[in-house]
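Colleague: no letters, just coordinates:
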């Protein structure tokens, strides 16, 4: 009996903290990552999302809220760690802008496939016009929340001010999506238990189609811009 009770307890604990056994696909992977590492896993997921936008936070954060509803993490710590992950990621892009400066960053954009110089100019104009407000609001806009840090670094926006705006904007965004996952937990759980595999496949397909659409549109624009001088001539 002395050995069987701890063993049974241990099995129960493992089952409780690893939802990847219950849920399939992308959803199971995300939930498994966050429960394996706890609340810091939420921060890690958001850090990955900062540098890999195709894994959207809108698909990750509700999972953290769901786990909080299910009693497997603290909702406030989940928001805190998600915000820390966003902050660390934003420091990375800020550092790139600060180290490279405007001209070298512009050169890098020109040399990077599928990136447009006009995107750089738009981000630069947006930041020049709104400054800190651009950083704060940009944290709540998909894709923009990652790259708005670059012009902030180029302009050497005070790091403390940049961090403060990033924390505020990120905390609002994270609290919104984690709160939705927490609030709709009772409705989400039976759906995920039955359809997690189908939903995961749908998420992956949608992300893949969006990436394909982005690539096709950019390639068409590049081809048109290259052929334009020939047509004029």
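Modeller: Thanks, I have the structure now. Remember, predicted model here, so these are calculated numbers, not experimental data.

Colleague: and the helices in this structure?
Modeller: 4-17, 25-37, 39-51, 57-69, 75-111, 117-130, 132-138, 144-147, 149-154, 159-183, 185-232 (DSSP state H).

Colleague: can you lay out these as a markdown table showing mean neighbour count and mean pLDDT?
Modeller: Just so you know, the C-beta spots here come from the backbone N, C-alpha and C atoms, and that holds for glycine as well. Shown next, in a markdown table, are the helices of the chain (neighbours: other C-beta atoms under 10 Å; pLDDT from 0 to 100):
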| stretch | mean neighbour count | mean pLDDT |
| --- | --- | --- |
| helix 4-17 | 10 | 43 |
| helix 25-37 | 20 | 72 |
| helix 39-51 | 21 | 85 |
| helix 57-69 | 25 | 83 |
| helix 75-111 | 18 | 91 |
| helix 117-130 | 14 | 80 |
| helix 132-138 | 20 | 85 |
| helix 144-147 | 20 | 73 |
| helix 149-154 | 26 | 90 |
| helix 159-183 | 19 | 92 |
| helix 185-232 | 12 | 65 |
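
Colleague: could I get the contacting residues of the most centrally placed residue in the chain?
Modeller: Centroid-nearest residue in the chain: residue 49, 3.1 Å away (criterion: C-alpha atoms, centre = their mean). Residue 49 makes contact with 55, 56, 57, 60, 85, 89 under the criterion C-beta atoms under 8 Å, 6 or more residues apart in numbering.

Colleague: go again with 10 Å.
Modeller: Residues in contact with residue 49 (C-beta atoms under 10 Å, 6 or more residues apart in numbering) are 55-61, 82, 85-86, 89, 145-146.

Colleague: dump the residues you listed to JSON lines, plus distance to residue 123.
Modeller: Putting the contacts of residue 49 into JSON lines (distance: C-beta to C-beta, whole Å) gives the following:
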{"residue": "55", "distance to residue 123": "22"}
{"residue": "56", "distance to residue 123": "19"}
{"residue": "57", "distance to residue 123": "19"}
{"residue": "58", "distance to residue 123": "21"}
{"residue": "59", "distance to residue 123": "24"}
{"residue": "60", "distance to residue 123": "24"}
{"residue": "61", "distance to residue 123": "24"}
{"residue": "82", "distance to residue 123": "24"}
{"residue": "85", "distance to residue 123": "22"}
{"residue": "86", "distance to residue 123": "18"}
{"residue": "89", "distance to residue 123": "17"}
{"residue": "145", "distance to residue 123": "12"}
{"residue": "146", "distance to residue 123": "11"}
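
Colleague: nearest to residue 121, of the residues you listed?
Modeller: Using C-beta to C-beta, residue 146 comes nearest to residue 121 of those, at 17.6 Å.

Colleague: with adjacent residues omitted, what lies nearest to the closest one?
Modeller: residue 50 (5.2 Å; C-beta to C-beta, 6 or more residues apart in numbering).

Colleague: next one: residue 77
Modeller: residue 39 (4.1 Å).

Colleague: wait, doesn't the one you found sit right on residue 78?
Modeller: Yes: with contacts counted by C-beta atoms under 10 Å, residue 39 reaches residue 78, the gap being 5.2 Å.
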